[in-house]
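Student: Sequence first, then the predicted structure, then my questions.
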Protein chains: 2
Amino acid sequence: MGVMTTRAESAAATRRALLDAAAELLDLGGPEAVTLREVGARAGVTRGAPYRHFTGKDSLLTAVAAECWERIGDQVHALRADPALSASEKLRGALRALIDVGRNQPHLYQVLFRRRANLPGQLGDGMDRLRRQLCGPEGDPAVADRAAERFQDEFLAVVAALAGERNARHYGALLLAGAHGIAGMELSGHLDMDKWHTSADELVDTLVRMVTDAGEMT
Amino acid sequence: MGVMTTRAESAAATRRALLDAAAELLDLGGPEAVTLREVGARAGVTRGAPYRHFTGKDSLLTAVAAECWERIGDQVHALRADPALSASEKLRGALRALIDVGRNQPHLYQVLFRRRANLPGQLGDGMDRLRRQLCGPEGDPAVADRAAERFQDEFLAVVAALAGERNARHYGALLLAGAHGIAGMELSGHLDMDKWHTSADELVDTLVRMVTDAGEMT
DNA sequence: CCGGTTCAGATGACACTGTCAACTGTATGA
DNA sequence: TCATACAGTTGACAGTGTCATCTGAACCGG
């Protein structure tokens, strides 16, 4: 907690500041508003500095997304450990953890579900492998993927506790897709109360009830 | 079909060419690849020409999205009129109409569900109203919204034929959100077969079966 | 047939972006 | 102590969206 002097500490601090600035700009005006120049300025450095911590703008945004995946992953993990909540309450909480991101940070939410770079990459550029090895401790997209997968695993565990191991995966996919769809439609303004006579919250409740009933039937 | 000479015809032709070029570029490399210069070049005009037909790049992309909404709206309409299909087959077809856009034109799909401009706009800029009045026959976002709503109405009719008027709206919203979520997760690479032990098609079948069963129960 | 008008399109310019190469200075470690 | 690694700076470049201005030909009232 002392005054930071070592170079490693200082570098870590700027990296953090860059991530925070990027996240803030993303919330304010979307990916277009995340300008490396402005990010640098808010972090107290200049436009070129981010390239010492990320391979580029895309890498920076991916890192922000990764932190969000980790955050909601932790959130669901905590939910899962809470003894005061019933199984279906935990499920509702997990679904809302995702949807709330869409509500509170819509632009960030869209970055979470961005089209991934070509996964196969068997050959790729060759250049890519080298870049990742040189730049970060680990390739950024890989980190984001791991974080996303962690969230999905936590989510899966919640579903399994309610619907049983057997159907957990199928239901899990359906529920996650359902929540993602609800969040996406609300976010894009296509979930109009006047048209559908229902709300995102009601739809989430329906999802929860659906799997709860099915779980009891087994 | 004769040689076009009148100015109105020529202008309409370039407008069409601009839309086609934009759609093609969008498919190839996403919104970032849709460059007004390249769009103009492919349409046989120069960079400034699109501004005679659209208020800007955003307006152009919105128009492309509107045409897609119309297309799948027509598709569902045709489905609805097909006497050879059962009610649940029609529903499956409607869901797949949307999902197939996500599969075949992923970038276009994301434009369909873009975050809408601030809807309230009671006061807005004041400038906006003026611009819309001057530029197109109608404001572009309004056109896209109408086209999207048309698709939703067609979809709603398909659901109503299966689940009854009473629950049509609630189920409709749930199904549409489900399909949107499935498409979105598949598109973003988050629907991994190894993890979920299921596929987009299976999930769609589950959705259809769900509402079919519920419809029979009433 | 004619002259002015309208308007699709061309062009020049501007501010701004992501990205890289080259450079600088300082903490680090032998 | 001194060479080195490396976070950060700076200059430059190719694109980008957007606007103001200009041009020329189709239009239309007389």
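Tutor: Great, that's in hand.

Student: With adjacent residues omitted, what lies nearest to A:Leu79?
Tutor: A:Gly93 (4.6 Å; Cβ to Cβ, 6 or more residues apart in numbering or on different chains). Yep, even glycine has a C-beta here, placed from its N, CA and C like the rest.

Student: Tell me how far that neighbour lies from A:Glu67.
Tutor: 20 Å (Cβ to Cβ, to the nearest Å).

Student: Those two: which has the busier surroundings?
Tutor: A:Gly93 (19 against 15; other Cβ atoms under 10 Å in any protein chain shown).

Student: That one is in contact with A:Arg80, isn't it?
Tutor: No. Judged on Cβ atoms under 8 Å, A:Gly93 makes no contact with A:Arg80 at a distance of 9.1 Å.

Student: which SS class is the residue nearest to A:Leu79?
Tutor: The three-state assignment at A:Gly93 reads helix, by DSSP: H, G, I helix; E, B strand; the rest coil.

Student: tally of neighbours for the closest residue to A:Gly189 other than its chain neighbours?
Tutor: In space, and not counting its chain neighbours, A:Gly189 is closest to B:Arg116: 4.1 Å by Cβ to Cβ, 6+ apart. Applying other Cβ under 10 Å, we find 15 residues neighbouring B:Arg116.

Student: Could you measure from A:Gln110 over to A:His180?
Tutor: Taking Cβ to Cβ, one finds A:Gln110 at 11 Å from A:His180.

Student: hmm, I was thinking of A:Glu24
Tutor: 25 Å.

Student: neighbour-wise, which of the two wins?
Tutor: The residue with more neighbours, out of A:Glu24 and A:His180, is A:His180; 28 against 16, by other Cβ under 10 Å.

Student: quick one, what contacts that one?
Tutor: A:Leu98, A:Phe113, B:His180, B:Gly181, B:Gly184, B:Met185 (Cβ atoms under 8 Å, 6 or more residues apart in numbering or on different chains).

Student: tell me which of those is nearest to A:Arg47?
Tutor: A:Phe113 (28.6 Å; Cβ to Cβ).

Student: Go ahead and confirm the closest one touches B:Glu186.
Tutor: No. Using Cβ under 8 Å, A:Phe113 is not in contact with B:Glu186, being 10.7 Å away.

Student: which residue packs closest to A:Glu67, ignoring adjacent ones?
Tutor: Here the residue nearest A:Glu67, using Cβ to Cβ, 6+ apart, is A:Leu19, at 6.7 Å.

Student: Could you say which helix or strand holds that neighbour?
Tutor: Assigned by DSSP states H and E, A:Leu19 belongs to helix A:7-29.

Student: Could you identify the helix or strand that succeeds that helix?
Tutor: Next element after helix A:7-29 (DSSP H and E): helix A:36-42.

Student: how about whatever helix or strand comes next after that following helix, does it get close to DNA strand C?
Tutor: Downstream of helix A:36-42, the first helix or strand assigned by DSSP H and E is helix A:57-81. Yes. Residues of helix A:57-81 contacting DNA strand C under Cβ under 7 Å from any atom of the strand: A:Lys57, A:Asp58.

Student: Residue numbers of chain A in contact with DNA strand C?
Tutor: So chain A meets DNA strand C at A:5-8, A:34-38, A:47-48, A:51, A:55-58 (Cβ under 7 Å from any atom of the strand).

Student: Which of these ranks first by neighbour count?
Tutor: Counting neighbours by other Cβ under 10 Å, A:Val34 comes out on top of those with 23 neighbours.

Student: Next, the contact list for that one, please.
Tutor: By Cβ under 8 Å, 6+ apart, the contact set of A:Val34 is A:Ala22, A:Leu25, A:Leu26, A:Lys57, A:Leu60, A:Leu61.

Student: same deal with A:Gly73?
Tutor: Shown in contact with A:Gly73 (Cβ under 8 Å, 6+ apart): A:Ala147, A:Arg150, A:Phe151, A:Glu154.

Student: May I see the residues you listed arranged in TSV, with distance to A:Ser199 and neighbour count as well?
Tutor: Formatted as TSV, the contacts of A:Gly73 follow (distance: Cβ to Cβ, whole Å; neighbours: other Cβ atoms under 10 Å in any protein chain shown):
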residue	distance to A:Ser199	neighbour count
A:Ala147	30	21
A:Arg150	30	17
A:Phe151	24	25
A:Glu154	26	20
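
Student: Among those residues, find me the one that's closest to A:Ala168.
Tutor: Using Cβ to Cβ, these come closest to A:Ala168 at A:Glu154, 12.4 Å.

Student: mind checking how far the helix or strand harbouring the closest one is from the chain centre?
Tutor: Taking DSSP H and E as the definition, A:Glu154 sits inside helix A:140-187. For helix A:140-187, the separation from the chain centroid amounts to 11 Å (computed by Cα atoms, centre = their mean, to the nearest Å).

Student: by how many degrees do it and helix A:57-81 diverge?
Tutor: With axes from the mean of the first three to the mean of the last three Cα atoms, to 10 degrees defining the directions, helix A:140-187 sits at 70 degrees from helix A:57-81.

Student: Could you point out the helix or strand that follows helix A:140-187?
Tutor: helix A:193-196.

Student: List of residues touching that following helix?
Tutor: Taking Cβ under 8 Å, 6+ apart as the rule, helix A:193-196 contacts A:Ser199, B:Glu149, B:Gln152, B:Arg169, B:His170, B:Gly172, B:Ala173.

Student: In ChimeraX, select just the buried ones from the residues you listed.
Tutor: In ChimeraX, a selection of the buried entries from these looks like this (16 or more other Cβ atoms under 10 Å in any protein chain shown):
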select /B:152,169,170,172,173
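
Student: got the contacts of helix A:193-196 as CSV, with pLDDT columns?
Tutor: Shown next, in CSV, are the contacts of helix A:193-196 (pLDDT from 0 to 100):
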residue, pLDDT
A:Ser199, 98
B:Glu149, 97
B:Gln152, 98
B:Arg169, 97
B:His170, 96
B:Gly172, 98
B:Ala173, 98
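
Student: Dump the contacts of helix A:193-196 into TSV; add distance to B:Ala84 as well.
Tutor: As requested, these are exported to TSV (distance: Cβ to Cβ, whole Å):
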residue	distance to B:Ala84
A:Ser199	37
B:Glu149	28
B:Gln152	25
B:Arg169	27
B:His170	29
B:Gly172	23
B:Ala173	28
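
Student: Nearest to DNA strand C among the contacts of helix A:193-196?
Tutor: The closest of the contacts of helix A:193-196 to DNA strand C turns out to be B:Glu149 (Cβ to the nearest atom of the strand; 28.2 Å).

Student: Now do A:Glu202: how many residues are near it, please.
Tutor: Residues near A:Glu202, counting by other Cβ under 10 Å: 16.

Student: correct me, but it touches B:His170?
Tutor: Yes. Using Cβ under 8 Å, A:Glu202 makes contact with B:His170 at a distance of 7.5 Å.
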